[in-house]
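K.L.:
Can you look at this prediction? I've put the sequence above it.
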Amino acid sequence: MAALVAGNWKMNGLAASLGEMVALKDALARQPAACDVLVCPPATLIAQAAGCVKGAFALGGQDCHASPKGAFTGDLSAEMLKDAGASYVILGHSERRHYHGETSEAVAAKARAAWRAGLKAIICVGESEAQRNAGDAPHVCAAQLDESVPQEATSANTVIAYEPVWAIGTGRTPTSAEIAAMHAHIRSSLIARLGAGGKDMLILYGGSVNPGNAGEILGLPEVGGALVGGASLKCDDFLRIIAAVNPA
Ligand code: PGA
C-alpha cells in the first residue's frame, strides 16, 4: 500500500488559500509524489478545491456527523463531504476529542458513517503528556483503538493516525525509538483485533512533522506516512515533506 502524506489545515484557510492548492497541483505535475497526497481544508473550501485540483491529489474533511442528514444545526454529514469532492475524513482528532468532548464510541459511529458515504476514515489516537509520563501511552492508545475503530475496518476503508497530543503544534516530537515502538504496538493491537485486516492498514505519524524531521520519521518501520498540521499550510513546506517519502 502506498504511503500517505495528509495535510490537516484545521480552521485555517479562506478562498484566497486555494492558491496553495493550485501551487501544490502544479508542483506535483512537475515532480510526481512517491506517495498518495491528501489535503483536508476547512469544509467550506472542499468543493472549490475539487474544481481547482481536478484529482491531482485527494481532498478530505476534518470531521463528520454520524447521521446522513437531519436536524443537526451546524453539522455536516459524510455524504455532504463526499458530494463536495472529499474522499477521506479525519475522525477523532484530539482537538475534536478535547474541545467537543468526542468519545471513542462517537468516533466509531462516525467511521461507519464515513464508510456508508464511500469515504476513507482517518482515525486518530494519541496520549497526553501526563499519560506518557505515567507510562500509560501504550495502554491509552490501545484502548482508543479498541473503542474508536469498528470491527469492520480494513486497510481499504481506514487509516490510523498516531498523534501524541503533546506533540501537536508544539514543535516537540517523540524520539524515533518512541515513534517506532508505538507504531509497532499499534500494529500488533490492530492485528489482534482485526486479524488480516489490521496487517496492512496504514499507520500515520502526526504531531510537529516538518521538512526537517520528515525524512527520519517517514523512514521508521510501520510509519506509513504523516498527518501534517501547521507545515501543510504552505505548499513549499508540504512539498518538502512529500518529497521525504522514499519510493517503495
Ligand atoms: P501539527 O498538527 O503538525 O501542527 O503538529 C498535526 C495535527 O494536529 O494533525
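P.N.:
Alright, I've got the coordinates. Numbering: from 1, shown residues only.
K.L.:
which non-adjacent residue is nearest the residue of the chain found nearest the ligand?
P.N.:
With C-beta to the nearest ligand atom, the shortest gap between the chain and the ligand falls at Gly229, namely 2.2 Å. Backbone N, C-alpha and C define where each C-beta goes, glycine included. Spatially, and ignoring its direct neighbours in sequence, Gly229 is nearest to Asn8 (5.1 Å; C-beta to C-beta, 6 or more residues apart in numbering).
K.L.:
Next, count neighbours for the residue nearest to Gly92 when sequence neighbours are not counted.
P.N.:
For Gly92, ignoring the flanking residues on the chain, the nearest one in space by C-beta to C-beta, 6+ apart is Val107 at 3.6 Å. Val107: 25 surrounding residues under other C-beta atoms under 10 Å.
K.L.:
Would you agree Val107 falls within a strand?
P.N.:
No: assignment of Val107 by DSSP: H, G, I helix; E, B strand; the rest coil gives helix, placing it outside any strand.
K.L.:
so what's it up against?
P.N.:
Val107 is in contact with Leu91, Gly92, Arg97, Ile123, Glu147, Ser148, counting by C-beta atoms under 8 Å, 6 or more residues apart in numbering.
K.L.:
Which of these fall within strands?
P.N.:
Taking DSSP state E, the ones among these that sit in strands are Leu91, Ile123.
K.L.:
And the contacts of Val107, which two are furthest apart?
P.N.:
Comparing every pair within these by C-beta to C-beta identifies Leu91 and Glu147 as the most remote, at 12.5 Å.
K.L.:
Just the helices from this structure, written as ranges.
P.N.:
18-30, 46-53, 78-84, 94-99, 104-117, 129-133, 137-148, 176-194, 214-218, 235-243 (DSSP state H).
K.L.:
Can I get those helices in JSON lines including mean pLDDT and distance to Ile160?
P.N.:
Formatted as JSON lines, those follow (pLDDT from 0 to 100; distance: least, C-beta to C-beta, whole Å):
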{"stretch": "helix 18-30", "mean pLDDT": "97", "distance to Ile160": "24"}
{"stretch": "helix 46-53", "mean pLDDT": "97", "distance to Ile160": "23"}
{"stretch": "helix 78-84", "mean pLDDT": "98", "distance to Ile160": "18"}
{"stretch": "helix 94-99", "mean pLDDT": "97", "distance to Ile160": "14"}
{"stretch": "helix 104-117", "mean pLDDT": "98", "distance to Ile160": "11"}
{"stretch": "helix 129-133", "mean pLDDT": "97", "distance to Ile160": "18"}
{"stretch": "helix 137-148", "mean pLDDT": "98", "distance to Ile160": "7"}
{"stretch": "helix 176-194", "mean pLDDT": "97", "distance to Ile160": "6"}
{"stretch": "helix 214-218", "mean pLDDT": "98", "distance to Ile160": "15"}
{"stretch": "helix 235-243", "mean pLDDT": "97", "distance to Ile160": "19"}
